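Asker: Just need the structure, nothing else, for what follows:
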Amino acid sequence: MLQIKKVLDLLDRLMAADTVYSPKIKAGVAAINSRCNRWDATSKYVSVPGKYHWKKGRKSNDGAQMGPLPAAAFDVYGDKQGDKPYVCVSKVRYTFRCSGNCDIRTKDSRFPKNAVYETVTGNPRVGKVNGEHNYNLDKQFTVRISDFSGASGAIMWKSHGDEQILEGTSLDTDVWREGMEVYVVPGCNCAHRLVSGSWKAKTDDPTSTTRFAKEACSFEDVNAIPAATSGMPRPAIGVVCCDSTGKGSRMPCGKASETEANVGNTYNEALQHCAKRNLDLCTAQQLKDGAGQSSGCWYNHNLQWTKDTCTP
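Answerer: Next up is the predicted model:
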């Protein structure tokens, strides 16, 4: 990022010189600056207050919530939507100490649920300690916030879930949470909302088992989300285009179609698909209102891109 900044500074000086190339350079710099960044030189860890001791011999799993995000986290970028501040977080670093074998899970649904962070009863793993040589030592565990595909990303963070010690071995072990830090980044604007293709049909008939009211956030370079994490039958991300009145259409199908369930459209591919037809991506609300529903491509069983970013 530092080298890119130096190049941009040089281009700024060239633009100031007002040469014949200045307009083209200015357009190029504007295009670069308009791209979303998932981190930059300002990104940093901020400590979150709150410690907790899970005592040996407890009878059941016990949750513990961290303190509120400190002002320092909001001050890194000063992001706001309207008058409401928010923080973008791409990873969380915990410090735990265990007197024996322990398996630490989180109940916070924003954490990734995939093969990297194994899942037990739907709770992603924060960390695990095994072996006497690791007992009674501070151990750091870093959880990278994933979008639902498992790719590296960032989420809006305004509150906390709580950690939970799971599995039988942990109940006979003292566990201390000594610290928690969040890595604050500028990249929340990289993510866009996705809405299932049969949202309205499911809300009209909640008993339906073949219609789905699901939504998610994902980053622009993702084209499919595993069915196990999205709750949808088909992983590929579809595309529905809307006209100025909000009427939606799916045909011709994008990459995701009735014959291709696993490879879908990235966000930019979806944009281009609609632009070629002099249409625009639908908003999340337009899709929820039924835009393009049941009009082909099997998209009732897919998530679909929207033009909306994932904002608080």
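
Asker: In three-state terms, label W176 for me.
Answerer: Recorded secondary structure, W176: strand (DSSP: H, G, I helix; E, B strand; the rest coil).

Asker: can you tell me which residues contact the closest residue to N136 other than its chain neighbours?
Answerer: In space, and not counting its chain neighbours, N136 is closest to S99: 5.9 Å by C-beta to C-beta, 6 or more residues apart in numbering. Bear in mind the C-beta positions are built from the backbone N, C-alpha and C, glycine included. The contact partners of S99, by C-beta atoms under 8 Å, 6 or more residues apart in numbering, come to K56, Y135, N136, T173, D174, V175.

Asker: could you redo the last one with a cut-off of 10 Å?
Answerer: K56, V129, Y135, N136, D172, T173, D174, V175, W176 (C-beta atoms under 10 Å, 6 or more residues apart in numbering).

Asker: What is the neighbour count of the fifth one?
Answerer: One way to gauge burial is a neighbour count; for D172, by other C-beta atoms under 10 Å, it gives 13.

Asker: And for the third one?
Answerer: Neighbouring residues of Y135 were enumerated by other C-beta under 10 Å; the total is 16.

Asker: Count the neighbours of S244 for me.
Answerer: 7.

Asker: wait, doesn't V182 sit right on G67?
Answerer: No - with contact defined as C-beta atoms under 10 Å, V182 does not reach G67; the gap is 11.8 Å.

Asker: out of those two, which sits in the more crowded spot?
Answerer: V182 (25 against 11).

Asker: hang on, the more buried one is in a helix, isn't it?
Answerer: No - counting by three-state DSSP, one finds V182 to be strand, located in no helix.

Asker: can you tell me the helix or strand for the closest residue to it other than its chain neighbours?
Answerer: Spatial nearest neighbour of V182, chain neighbours left out: V89 (4.6 Å); criterion: C-beta to C-beta, 6+ apart. Taking DSSP states H and E as the definition, V89 sits inside strand 87-98.

Asker: Can you tell me how far Q286 is from T42?
Answerer: To T42, Q286 is 36 Å away according to C-beta to C-beta, to the nearest Å.

Asker: typo on my end, D289
Answerer: Distance from D289 to T42, by C-beta to C-beta: 39 Å.

Asker: ok, now G231?
Answerer: 35 Å.

Asker: Specify which residue of those two has the higher count of neighbours.
Answerer: Taking other C-beta under 10 Å, G231 and T42 do not tie; G231 has more neighbours (15 against 12).

Asker: ok, back up a step: out of the contacts of S99, which is most surrounded?
Answerer: V175 (25 neighbours).

Asker: Check the spacing between it and N223 real quick.
Answerer: Distance from V175 to N223, by C-beta to C-beta: 40 Å.

Asker: tell me the pLDDT at the nearest residue to K80 once chain neighbours are set aside?
Answerer: Spatially, and ignoring its direct neighbours in sequence, K80 is nearest to Y86 (7.1 Å; C-beta to C-beta, 6+ apart). The confidence metric pLDDT takes the value 80 at Y86.
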